[in-house]
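K.L.:
just need the structure, nothing else, for what follows:
(chains A and B)
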Amino acid sequence: LPRSSSSISAPEALYALALGAARSAIVVGTAKNAGKTTTFNALRAVAQRRGVAIAVTSIGRDGEPSDALDAEPKPRVRLVPGTLVALPAGLVPRSPALAILDAGAESALGTTVFARVMLPTTCEIAGPPTARAMRATIDRLRALGDGPVLVDGAIDRIAVLAGGDDAIVLATGAASGATIARVAAIAADAVARLTLPGRDPARERERVVIVTGALDARDAEELLDGARGATVVVEDPTRIAVRGALFEKLRAAVDLRCERPLRVVACTTSPVGRDGALAPRALVEAVARATGLPTFDVVADLAA
Amino acid sequence: VTDDATAAERIGLDWLRSAIAPVGAFGRRHDDGVVPYGPGREPEARAEIADVVALAERLDPDGVARVRAALRAVPEPGPIVARARAGDSLGDVDFYELGRFVDAVAALGRAWDAASGEPERRPPPLDGLRDALAPGRQGGGFYLTDAFGDGLAPARAALAAAEAEAEARREAIAARVRDATGVDPVGEEFVVLRDVYAGPLPPDVLVVRETPTYRTAAIRVLAPERDAALARLSVEEEIARRALTERVAREAGAVSAATGILGALDRTLARVAFAQRWGGCVPQFAPDRIAFEEATFVPLADALAARGHRYTPLSLDLRGVAVLTGPNMGGKSAALATAGFLCACVSLGVPPPARAASLPLLDAVLWIGGDGPSDRARLLSSYAAEVVRARDALGVASPRTLLLVDEFARTTGPREGRALLVALVEALRARGAFALVATHFDDVAAAALVPHLRIAGLGERTLRAIGTHDLDAALDAINAAMDYRIVDAGEATAASDALELARLLGLETAIVDRARALFDGER
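P.N.:
I've put the predicted structure just below:
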């Protein structure tokens, strides 16, 4: 639904979808500069407006004025009083002082510190480097506060979330494709993989093939040759290493499932890319159609 | 104790070091600074071992385990305190870590009291550091509260007011945006679609990006008061941190003393736990005797226990050099290792796991027999490795060395090998060294004029009734039938029970019978 016909804003609607039934939401992107941090900040702004004290962290380093790799401008992370934050000791701002609550895993930037914001501050956030440490960090943030946990995440590091109740929001946009059709196709491919259904013994086919580790192109070819019609089970959706047409072919030929599913609840779009811009409204609608998920442009306040 | 990796492995020194390793960083550092006891330091070694034995008897093992767990949990304050002393201004995470240190030491003290530890060994409470940090420590965390500096409260109030003022200004601009465009400017940037609104944006709204279909805009609030308030707060917070850092620096001595006490306690409790698990005695220190009763070679006992087997304690009285003979699998190598292990124990201040012991402090324990990784790396054959080791050992052999010689020259011709061994034993005796020489060669002791000891072995307890090809069962049967005692050999020859053991271990009966016939014929 376009914003004009909805009673609540796109960020509000996304917030309700992501955190209505979950204590934590992780925003991941289909590409760099796909609008991940923008989505993360929009959710944070909604919480702030509602007076909800949230907890935030990031997979990897984020919040710098510009991206360390391509120098593209990146949104700063402005934190309001009451916010819980997990960040490395080396990034704890000296002023205004944070209240240090706890310490956790080590990273290259120092021990992960759990802190509460006491006065408004702007800082750089970087979470722990490993998936396991990230899971522990999210759980610790949940334990330290009552509010939701927001994570600026990474699509290749969400295996640890599989089987949990975390909501995943997929950010996509012009950074991942030059045309609306291309962006929508990439988003659809990612969503199809990430929303692989969980194993259901009652609906399993007669033949069940368990794939340990990654399911790559060679595995896919073998399954297409010798396991058509079977139920094929991988550990979690991130183990699917095949993309595009081969993945579609495999999904059509077998009953593809996973032991620990992920919970992808919505997509967001960013019309601005490095080499140009796409029409915001058309992009939202195309991604929603392609993925079958509620899709939002939280900056242009569009929903579809 | 020994610089030789092969000897360290054979006498269980590596195992022992691991078993008595402190659990915390302070203990490891303390241990690194303690040199093993050598000749002349008998009173110190005895005092430490007696202390460990007394504590092992008095403290509850569960209490010791809890204190050690508390020791493991104490964080390292050293680098932070060092930075404070060097003049760095510490950060809030540093103060948090120091608070954790104070808490952990207090928890350790409580654990020590609960274990009925003596008050004089109790870690100090670090009152000065605790009091310095107290205003910022609620719920185990740390915050640079207003109590740390007179200027903090007004600076924070000024910043809060300036933030509120800036936010009000932003909200006023946002209201104008909503009125003009119908767009709610949530977040730092917002988009205005041209098909929604294409007119001019209100003042104080900056266009960040423009495309044919939309404009990305941002509200820019100039708030010099806020910037000034933040700068002032930053100064006040640094003043407070500097003052607190100076207080921390003044506590450096107390922290250093506390970590020293924790290190010593960690070392002691590691030995106490060992003694509680394996037993131990306060030995007599005698320069001319390696003697022990019912001693345990703990690495072997531990391995046997893991497989459900029982270890038979050993007794030995060695004065100078002795030859040890006995059956295969009778424990000759274990006897050698036990002697070395017990000497290593006292050198490290560990109660030797024996009912009683009389041991010297030695300069070195050396092992000759077989080859080790370094020998193989040098591409030495087993025989060459043994000869090189013997050469090197003779170079340092003295009344303050123990040489453990395990079947020297077994891989060369038996007559030449025996002759070489006799000569080696004579040389060791001449140097006044301690040496226990295990061999299957006959009459070495008599030829070298040294005592002859033997493992009692299978003796009359023949195993002929047991006919099994199950290796585990055979090993159990051998273990049950073997008399592992070390006894005076008298005129006995170096019987090895090799044929009987070969039968029991499943070698074809016809071969064993033929061998027996040949052997009896030769006799």
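
K.L.:
give me the three-state assignment for residue B:410.
P.N.:
Assigned by DSSP: H, G, I helix; E, B strand; the rest coil, the conformation of residue B:410 is coil.

K.L.:
I figured it hits residue B:440, correct?
P.N.:
Yes - contact status for residue B:410 versus residue B:440: in contact at 7.1 Å, counting by Cβ atoms under 8 Å. (Glycine included, C-beta is placed from N, CA and C.)

K.L.:
tell me the mean pLDDT for stretch B:363-381?
P.N.:
Averaging pLDDT along stretch B:363-381 gives 76.

K.L.:
show me what from the stretch 401-523 of chain B comes close to chain A.
P.N.:
For the stretch 401-523 of chain B, no residue is in contact with chain A (Cβ under 8 Å from any Cβ of the partner chain).

K.L.:
now the stretch 401-523 of chain B against chain A: closest residue?
P.N.:
Per Cβ to the nearest Cβ, residue B:472 is where the stretch 401-523 of chain B lies closest to chain A, at 34.3 Å.

K.L.:
state the number of residues packed around residue B:300.
P.N.:
Residue B:300 has 19 neighbours, counted by other Cβ atoms under 10 Å in any protein chain shown.

K.L.:
okay, now the unreliable bits of chain B?
P.N.:
Applying pLDDT under 70 to chain B flags the ranges B:1, B:371-380, B:459-470, B:491-496, B:523.

K.L.:
tell me the pLDDT of residue A:132.
P.N.:
For residue A:132, pLDDT reads 77.

K.L.:
mind listing what residue B:61 touches?
P.N.:
B:273, B:276 (Cβ atoms under 8 Å, 6 or more residues apart in numbering or on different chains).

K.L.:
mind redoing it with 6 Å?
P.N.:
residue B:276 (Cβ atoms under 6 Å, 6 or more residues apart in numbering or on different chains).

K.L.:
how near is it to residue B:15?
P.N.:
Separation of residue B:61 from residue B:15 (Cβ to Cβ, to the nearest Å): 20 Å.

K.L.:
then residue A:150?
P.N.:
50 Å.

K.L.:
sorry, back to before: can you name the helix or strand that the residue of the stretch 401-523 of chain B closest to chain A falls in?
P.N.:
Using DSSP states H and E, the element containing residue B:472 is helix B:471-481.

K.L.:
helix, strand or coil for residue B:217?
P.N.:
On the basis of three-state DSSP, residue B:217 is classed as strand.

K.L.:
for the residue nearest to residue A:123 when sequence neighbours are not counted, what are phi and psi?
P.N.:
Of all residues not flanking residue A:123 in the chain, residue A:93 sits nearest, at 4.8 Å (Cβ to Cβ, 6 or more residues apart in numbering or on different chains). With angles defined as degrees, to the nearest 10, residue A:93 sits at phi -70, psi 150.

K.L.:
could you check the pLDDT of residue A:93?
P.N.:
As predicted, residue A:93 sits at a pLDDT of 90.

K.L.:
what of residue A:69?
P.N.:
pLDDT, read off for residue A:69, is 41.

K.L.:
now swap in the one 4 residues further on and tell me
P.N.:
Residue A:73 is assigned 44 on the pLDDT scale.

K.L.:
how about residue A:63?
P.N.:
Reported pLDDT for residue A:63: 39.

K.L.:
residue A:223: what's it in contact with?
P.N.:
A:232, A:254.

K.L.:
how about a cut-off of 7 Å?
P.N.:
A:209, A:232, A:250, A:254 (Cβ atoms under 7 Å, 6 or more residues apart in numbering or on different chains).

K.L.:
now the strand or helix carrying residue B:324, how far from the chain's geometric center?
P.N.:
Using DSSP H and E, the element containing residue B:324 is strand B:321-325. The chain centre lies 34 Å from the centre of strand B:321-325; the measure is Cα atoms, centre = their mean, to the nearest Å.

K.L.:
tilt between the next helix or strand after it and strand B:321-325?
P.N.:
Following strand B:321-325 in sequence order, the next helix or strand is helix B:332-347 (DSSP H and E). If you take axes from the mean of the first three to the mean of the last three Cα atoms, to 10 degrees, helix B:332-347 sits at 140 degrees to strand B:321-325.

K.L.:
next, give phi and psi for the closest residue to residue B:519 other than its chain neighbours.
P.N.:
Leaving out its chain neighbours, the residue that sits closest to residue B:519 by Cβ to Cβ, 6+ apart is residue B:499, at 6.6 Å. Dihedral pair for residue B:499: phi -70, psi -40, per degrees, to the nearest 10.

K.L.:
what do you get for residue B:482?
P.N.:
Dihedral angles (degrees, to the nearest 10) for residue B:482: phi -80, psi 130.

K.L.:
that one: what's it in contact with?
P.N.:
With Cβ under 7 Å, 6+ apart, residue B:482 has these contacts: B:329, B:330, B:457, B:458.

K.L.:
what parts of chain B come near chain A?
P.N.:
Proximity of chain B to chain A (Cβ under 7 Å from any Cβ of the partner chain) is limited to residues B:91-93, B:96, B:141-144, B:156, B:159-160, B:163, B:183-184, B:186-191, B:193, B:209, B:211, B:213-214, B:216, B:233-234, B:237.

K.L.:
narrow the residues you listed to those that are buried.
P.N.:
Among the residues of chain B next to chain A, those buried by neighbour count (16 or more other Cβ atoms under 10 Å in any protein chain shown) are B:91-93, B:96, B:141-144, B:156, B:159-160, B:163, B:183-184, B:186-191, B:193, B:211, B:213-214, B:216, B:233-234, B:237.

K.L.:
contacts made by the helix or strand hosting residue B:104 with the rest, please.
P.N.:
Assessed by DSSP H and E, residue B:104 sits inside helix B:92-114. Helix B:92-114 is contacted from outside by A:89, A:92, A:97-98, A:100, A:113, B:63, B:66-67, B:70-71, B:73-75, B:77, B:80, B:122-123, B:125-126, B:129-130, B:133, B:136-137, B:140-142, B:144, B:244, B:248, B:258, using Cβ under 7 Å, 6+ apart.

K.L.:
any idea how many residues pack against residue B:475?
P.N.:
As a burial measure, residue B:475 scores 15 neighbours (other Cβ under 10 Å).

K.L.:
for residue B:39, that is, sorry about that
P.N.:
Here the number of neighbours of residue B:39 (other Cβ under 10 Å) works out to 14.

K.L.:
quick one, what contacts it?
P.N.:
Residue B:39 sits in contact with B:361, B:363, B:400, where contact means Cβ under 7 Å, 6+ apart.
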